[in-house]
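Trainee: I'll drop the sequence and a predicted model, then ask my questions.
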Amino acid sequence: MSFLATLGRVYEDYAEGSRRQFTGVAGKLVPGFAILYSLYHLYVFIIGVGKLNVFQHRATHLLWLLAFSFIVYGPAVRKTRVGVWDWIPAILSIAIWVYMMFNLERITLWLSLIDEPPLLDLIFGGLLILLVLEGVRRVSRMPLVIVTVIFLLYMFWGNLLGGIWWHSGMTYDVVVDVLFLSPQGMWGSLMNISATYIILFVLFGQLLLHLGGAAFFVDLADAVAGRARGGPAKVAVVGSGLFGTISGSQIANVATSGSFTIPMMKRVGFRPQFAGAVELSASMGGMFMPPVMASTVFLMSDISGIPYVEIIVAAFIPACLYFFTVFWQVHMESVKMGIVSPTEGRRTAWNVLKEDGHFILPLVVIVWVLLEGYTPIRAALVAIATLLVVTAVRKKGRKDFVKNVLKGLETGATTSIIVALPIAAGAIMVTAISATGLGGKFGSMVMLFSGGYLFPALVIAMIASLVLGAPLSVAATYILTAIMIVPVTVSLGVPPLAAHLFAVYFAVIAPMSPPAGPAMFLAGGLAGANPMIVGLIGMRLAIGAFVLPFMFVFNTGLLMEGSVVEILFSVAVAALALFALAAGFEGWISKTTAAWERVLLVAGGFTMIFPGTITFTAGAAAVIVAIVGHFVRVKVVQAASEPSAP
């Protein structure tokens, strides 16, 4: 075996860790720790609010989860048993926590870049950075580690670079100071979001899942759309959208709802690659839909300073338009393939709601509490309490109630691992950007290449998000683009809300995009299809996600800004443009479209992205000509094919 082949084999083995399955004594101890970890967070927000030091809570949140991650995830794909290389980093993580608790007052009052760190601070600070990198490698694969290390190296040796990228460089003492001891480093606002909003909404989503909420969403979607042509695919679109409102994870969406919907789609005749692509695009759309929005909504609120309620209200119309686009393409494919869904044995929506409609109440409670002006923390706590009460009072819900609640608390902690550790890596990158001035340097480059024009700057932002986000998590991608690119678009006149939502959309798209999107590989595996083909078809179905960000940047009526008439007109224009693009890419309206019809549909749809009377008129005219011409052509062909009367 050649050296390169051996190196490739080693990389494949160690590019990520392996999620372990525990049995016996470990099968009780590991879930027990996870349950206690979740209960700790509930205690903090129910009883202990204000009693914990900020550093104390954030350090407990990260370091105990970091230690737990080394037990749950092995160091390599084939390392499935807990060994010495798991216990050592786990114990070191707890040792750092103990050290911080003994030095809590001093660290809390630390004056960054003024006080001189003692030797133990330098040792434990360096250990923390290394442990976070190792934890991220096990959970999120090597690419995120590589990107984070590049930012760390830039902190140390940026003075070796020339031109715009030069900075004076930092010593090891300064790097540890700003990352480990500074309130703006590892323990800053990003970790606060992870330790408060995100952990609570992850717990809510997992409790809802294990108490029967995910099955309810799929059943409701099946009752609403299952009888329609191509019903299982439409069930995937609706069900994944409903489940995605609370799950906050694209991979969780694909794994949970895809295990039901993909086999159903294949059974009625959809191609495996199309079935996987439908689930992929629908699960991605769940991350655009309020109130959770892949947890990036909390990061967005913190970084932008825009209130949470304002964000979820603005995000609602674009999310609905996205699902409108996916739904139409699924319908067109169903008609094209002649797929008819079986109708027998399906429950009505009313029957589903009568039996399990109580699962909607916690979502209503979240929106109501937020609109009353309370914090997302209060909304999540009230929603969890509501979920537990409405489930426990029903006979069906009381069956295995305690077991399901404990399972929800357990998976809430294990799911938090895949969210919190990438955020810790993001905190390292954000600290590097702010400490070195990299954000301003990158912004200057964007301005240079875009010539100071908005549309080229948006295209650069899109490309940067997709390139960065393919190997990174949604949270890490959004953090980077929000810090380095969003300020440029805001300086060019884009409202902050639209600019940050633009970044969120492309951060969400990236994990499904070929060639490296992890959600694409999961959907391909569930469908038994080539992941690359699944990803390419998924991108076609998700055309709305590529177009909508440009639409709401140029037309903020889609974000519910302006009069009612302006908002309705904006929605109508967007719907027409998206329908045209869906029909053009699918090649179908009522029958297969002619080449010139597809050209007019796609050209007209893209033209209507841009604001202005001329662009709207030209785009709408092209779309109308294509649609009318299509129906005339189809009618002529049908008339010519009918036998003439004797």
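Mentor: Looks like it arrived, so ask away.
Trainee: now do the strands in the stretch 51-200 of the chain.
Mentor: Using DSSP state E, counting those that start in this stretch, the strands found in the stretch 51-200 of the chain span residues 73-74.
Trainee: where does pLDDT dip in it?
Mentor: Residue ranges of the stretch 51-200 of the chain with pLDDT under 70: 51, 77-80.
Trainee: let's see that with 90 instead.
Mentor: Scanning the stretch 51-200 of the chain for pLDDT under 90 picks out the ranges 51-56, 73-86, 104-117, 138-144, 147, 159-169, 181-185, 188-190, 192-194, 196-198.
Trainee: where exactly do the helices run in it?
Mentor: 54-72, 84-102, 104-108, 119-140, 142-157, 172-176, 189-193, 199-210 (DSSP state H, counting those that start in this stretch).
Trainee: what's the answer for the stretch 401-550 of the chain, then?
Mentor: Shown for the stretch 401-550 of the chain, the helices assigned by DSSP H, counting those that start in this stretch span residues 401-436, 438-450, 454-469, 474-484, 486-491, 496-509, 518-527, 531-541, 543-554.
Trainee: Val547 versus Val573, what's the distance?
Mentor: 12 Å (Cβ to Cβ, to the nearest Å). All C-beta spots, glycine's among them, are computed from the backbone N, C-alpha and C.
Trainee: can you check Ala529 too?
Mentor: Ala529 is 26 Å from Val547, by Cβ to Cβ.
Trainee: Ser194 too?
Mentor: Taking Cβ to Cβ as the measure, Ser194 and Val547 are separated by 31 Å.
Trainee: more crowded one of the two?
Mentor: Ser194 (28 against 22; other Cβ atoms under 10 Å).
Trainee: for this protein, what helix or strand is lowest in average pLDDT?
Mentor: helix 3-14 (a mean of 44; mean pLDDT, DSSP states H and E).
Trainee: paired strands for the next helix or strand after that helix, with orientation please.
Mentor: For helix 3-14, the succeeding helix or strand toward the C-terminus, using DSSP states H and E, is strand 18-19. Using DSSP bridges, the strands paired with strand 18-19 are strand 73-74 (antiparallel).
Trainee: got the phi/psi numbers for Ser563?
Mentor: Phi and psi for Ser563, reported as degrees, to the nearest 10, are phi -70, psi 170.
Trainee: number of residues surrounding it?
Mentor: 9.
Trainee: now Leu119
Mentor: Counted with other Cβ under 10 Å, Leu119 comes out at 7.
Trainee: what do you get for Tyr453?
Mentor: Neighbours of Tyr453 (other Cβ under 10 Å): 11.
Trainee: show me this structure divided up by domain.
Mentor: Domain assignment for the chain by automatic domain parsing gives 3-157+166-183, 191-356+393-419, 562-646.
Trainee: closest one to Ala507 among the ones you listed?
Mentor: domain 191-356+393-419 (6.5 Å; Cβ to Cβ).
Trainee: between the two ends of that closest one, how far is it?
Mentor: 11 Å (Cα to Cα, to the nearest Å).
Trainee: excluding chain neighbours, what is closest to Met447?
Mentor: Spatial nearest neighbour of Met447, chain neighbours left out: Val488 (6.1 Å); criterion: Cβ to Cβ, 6 or more residues apart in numbering.
Trainee: the one you found and Met551: what is the separation?
Mentor: Relative to Met551, Val488 is positioned 20 Å away (Cβ to Cβ).
Trainee: gap between the residue nearest to Ser18 when sequence neighbours are not counted and Arg138?
Mentor: Closest residue to Ser18 apart from its sequence neighbours, by Cβ to Cβ, 6+ apart: Gly74 at 4.3 Å. Distance of Gly74 to Arg138, computed by Cβ to Cβ: 7 Å.
Trainee: of those two, give the one with the bigger neighbour count.
Mentor: Taking neighbours as other Cβ under 10 Å, Gly74 and Arg138 compare with Arg138 leading, 26 against 21.
Trainee: what about that one, distance to Ala392?
Mentor: From Arg138 to Ala392 the distance is 37 Å (Cβ to Cβ).
Trainee: what's the most buried one of the domains of the chain?
Mentor: domain 191-356+393-419 (a mean of 22; mean count of other Cβ atoms under 10 Å).
Trainee: returning to what we had before: who's in contact with the residue nearest to Met447?
Mentor: 443, 446-447, 450, 457, 461 (Cβ atoms under 8 Å, 6 or more residues apart in numbering).
Trainee: ok, Ala519 to Ile509 distance?
Mentor: Note on Ala519: its distance to Ile509, by Cβ to Cβ, is 10 Å.
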